[in-house]
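Peer 1: Quick one, structure for this:
(one chain, ligands or ions: 2)
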Amino acid sequence: MKNSTGIMKKYYCWKCEKLMPFLEENEWEQISSLLEDAVKAIKNYRAKHSCDLHTARENCKPEAMRKFEEFTGMKGVQFEVIYHHRLSDWGQECPNCNHLLRTSKAKLCANCGWKVKKSE
Ligand SMILES: [Zn+2]
Ligand SMILES: [Zn+2]
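Peer 2: Ligands and ions are numbered 1, 2, ... in the order given. Predicted structure coming up:
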């Protein structure tokens, strides 16, 4: 079942150091295949216009970035940032403070110190 009207959840991103939208697996699948092309698109843009990386990033908007914006409503998120916004790469949501645990193997919440209970 596709949840088309779901509200994008935002979590504190430990790498971006701010609240960011994270991609569900079905969204990630649509974007991940575009990420390689995004790298190429920026490279091609630089070669074509012989400009620096910064200028290329300002002017070139790869499909992956457009998709991310479509899914999350957040503009201008660079592809290398998108890479780590796959929800399944992170741990569970902390029931205490709602931060994501940093990894799926994390034993405690790095924000509030809540401990994962070993039940499974
Ligand atoms: Zn991030
Ligand atoms: Zn916590």
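
Peer 1: Can you check the pLDDT for Thr72?
Peer 2: On pLDDT, Thr72 comes in at 95.

Peer 1: what packs against the biggest helix by length in the chain?
Peer 2: If you go by DSSP state H, the chain has its longest helix at helix 25-49. Other helices and strands packing on helix 25-49, by 3 or more C-beta pairs under 8 Å, 6 or more residues apart in numbering; DSSP states H and E, are helix 53-59, helix 63-72, helix 79-82. Any C-beta I mention is one placed from the backbone N, CA and C, and that applies to glycine too.

Peer 1: mind putting those helices in TSV, mean neighbour count included?
Peer 2: Shown next, in TSV, are the helices and strands packed on helix 25-49 (neighbours: other C-beta atoms under 10 Å):
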stretch	mean neighbour count
helix 53-59	13
helix 63-72	18
helix 79-82	18
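
Peer 1: distance of the residue nearest the centre of the chain from ligand 2?
Peer 2: The residue lying closest to the centre of the chain (C-alpha atoms, centre = their mean) is His85, at 2.0 Å. Between His85 and ligand 2 the distance is 19 Å, computed by C-beta to the ion, to the nearest Å.

Peer 1: Please name the residues that touch that residue.
Peer 2: By C-beta atoms under 8 Å, 6 or more residues apart in numbering, the contact list for His85 reads 13, 20-23, 68, 77.

Peer 1: restrict those residues to contacts with ligand 1.
Peer 2: Among those, the residues within reach of ligand 1 (C-beta under 5 Å from the ion) are 13, 20.

Peer 1: and the protein, which of its residues are near ligand 1?
Peer 2: Residues of the chain lying near ligand 1 (C-beta under 5 Å from the ion): 13, 15-16, 20.

Peer 1: Which of those fall within strands?
Peer 2: In strands, defined here by DSSP state E, the members of those are 13, 20.
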